[in-house]
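Novice: sharing a sequence plus its predicted fold:
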Amino acid sequence: MTSTSTHDAGTTAAYREKFAALLGDRDPLDVFTTTPGTLEMLLAPHSAELLRKRPFADRWTWTVNEIVGHLIDAEIVYGFRARLILCEDRPAITPMDQEKWVAGQRYNDREPAENLAAFRAIRQQSIDFWRRVPPTVMQRVGIHAERGEESLATMVRMLAGHDLSHIDQITRYLDALTGKA
């Protein structure tokens, strides 16, 4: 996800390429299907207290619990955007300020199991949605205010790469919090 800051073409391309590289040749729906279980496996051994801690003293970061909250937000935002593109002609796509969303919803005050259950439920709705999108319409586009034209095909790949990026981030944060880093 992006904040509301303006991106130049290089930043936009790098953002898309990062997620595309993480996804590689994998099927986005395979990633979507496995992400909730991967998150559960990563979080289950740890206490809620640990999952609410910031992993690095030298800089502000989200907690693991807030990253899961951000994944909930991404599901909602991408789901809305995809539906706009599917049902409207070249709709305007508004960016989001992910920091404000995470802070405003106070994800760190929630139980990690609650965040994970919410993500799992909304992700299942997303999987059902993406499975029903006909391949013939995957090139429909919306106009993202920062990134320009974005097709459904691009969005589904970006969201799957986004999952993989945050799974890696959670892994690194947990390693730092448990002294494995």
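Specialist: Received it, and whenever you're ready, just let me know what you need. Numbers count the residues shown, from 1 in each chain.
Novice: where does the chain have its least confident helix or strand?
Specialist: Scoring the helices and strands of the chain by mean pLDDT, DSSP states H and E places helix 9-23 at the bottom, with a mean of 82.
Novice: next helix or strand past that one?
Specialist: helix 28-43 (DSSP states H and E).
Novice: buried ones in that following helix?
Specialist: For helix 28-43, the neighbour count (16 or more other C-beta atoms under 10 Å) marks 28, 31, 32, 35, 36, 39, 42, 43 as buried. From N, CA and C alone the C-beta is placed, and that goes for glycine too.
Novice: confidence score at the third one?
Specialist: With respect to pLDDT, residue 32 scores 98.
Novice: can you check the first one too?
Specialist: Per-residue confidence for residue 28 comes out at a pLDDT of 97.
Novice: residues contacting it?
Specialist: 130, 156, 157, 159, 160 (C-beta atoms under 8 Å, 6 or more residues apart in numbering).
Novice: again, only this time at 6 Å
Specialist: By C-beta atoms under 6 Å, 6 or more residues apart in numbering, residue 28 lies in contact with 156, 157, 160.
Novice: which one of those sits closest to residue 54?
Specialist: Distance to residue 54 across those (C-beta to C-beta) is lowest for residue 160, with 27.2 Å.
Novice: rewinding a little: mind exporting the least confident helix or strand of the chain as CSV, just the C-alpha atoms?
Specialist: Included here for helix 9-23 are C-alpha records, laid out as CSV according to Å, rounded to 0.1, in the frame of the first residue of the first chain:
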residue,chain,number,x,y,z
ALA,A,9,7.5,7.1,-12.4
GLY,A,10,10.7,5.4,-11.0
THR,A,11,9.2,5.0,-7.6
THR,A,12,6.0,3.6,-9.0
ALA,A,13,7.8,1.1,-11.2
ALA,A,14,10.0,0.0,-8.3
TYR,A,15,6.9,-0.5,-6.1
ARG,A,16,5.3,-2.7,-8.7
GLU,A,17,8.5,-4.5,-9.5
LYS,A,18,9.2,-5.3,-5.9
PHE,A,19,5.9,-7.2,-5.5
ALA,A,20,6.2,-8.8,-9.0
ALA,A,21,9.7,-10.1,-8.1
LEU,A,22,8.5,-11.6,-4.8
LEU,A,23,5.6,-13.3,-6.5
